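Visitor: Test case, fold it:
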Amino acid sequence: MNEQPIVWRVDDVSAEAMFSWVEALRDVNPIHVDPQAASALGYGPRTVNPGPTNLAYVLTMLMAAAPGEYPARIEARFLGNVLSGDSLEVTCDRADDGIFRARLKIAGDGEIVLDAKVTMEPIEE
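Guide: Presented below is the predicted three-dimensional model:
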């Protein structure tokens, strides 16, 4: 493994961006856009980021960390929720076999909300 993990941050998960993601994903779950729906399920007054959006943060970071490569295989475990207003940190290491191990954490408390193994392969031109 690399001695220094790669770190990438998202300073603020905005509720407004969730609207765009929900439209793109065609996700009709109201907890992503309606604070009252999120509150009724115990999330408080903050909306819940769609899971695929959380994975997109990880993949964006990996593609920046490995230019000229693309994610060919993804194994991801969704372990928690990201709420509007959260700050996030993505960390990853690349193993000797080339597989990245990435974790998406809530900044501050360190709760891991997504754990992934991603195999990157060269982009053929």
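Visitor: got the residue ranges for the strands in the chain?
Guide: In the chain, the strands defined using DSSP state E lie at 6-10, 69-78, 88-94, 99-106, 112-122.
Visitor: Among the ones you listed, which comes closest to residue 19?
Guide: strand 6-10 (16.8 Å; Cβ to Cβ). For glycine as for every other residue, the C-beta is placed from the backbone atoms N, C-alpha and C.
Visitor: Sheet partners, orientation included, of that closest one?
Guide: In the sheet, strand 6-10 lines up against strand 88-94 (antiparallel) (DSSP bridges).
Visitor: related to what we said a few turns ago, same list, the strands of the chain, but as CSV with mean pLDDT and distance to residue 40 please.
Guide: Converted to CSV, the strands of the chain look like this (pLDDT from 0 to 100; distance: least, Cβ to Cβ, whole Å):
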stretch, mean pLDDT, distance to residue 40
strand 6-10, 90, 26
strand 69-78, 96, 21
strand 88-94, 93, 25
strand 99-106, 95, 22
strand 112-122, 96, 21
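Visitor: and the longest helix anywhere in the chain, what other elements does it pack with?
Guide: The longest helix of the chain (DSSP state H) is helix 51-65. With contacts defined as 3 or more Cβ pairs under 8 Å, 6 or more residues apart in numbering; DSSP states H and E, helix 51-65 has these neighbours: strand 6-10, helix 15-25, strand 69-78, strand 88-94, strand 99-106, strand 112-122.
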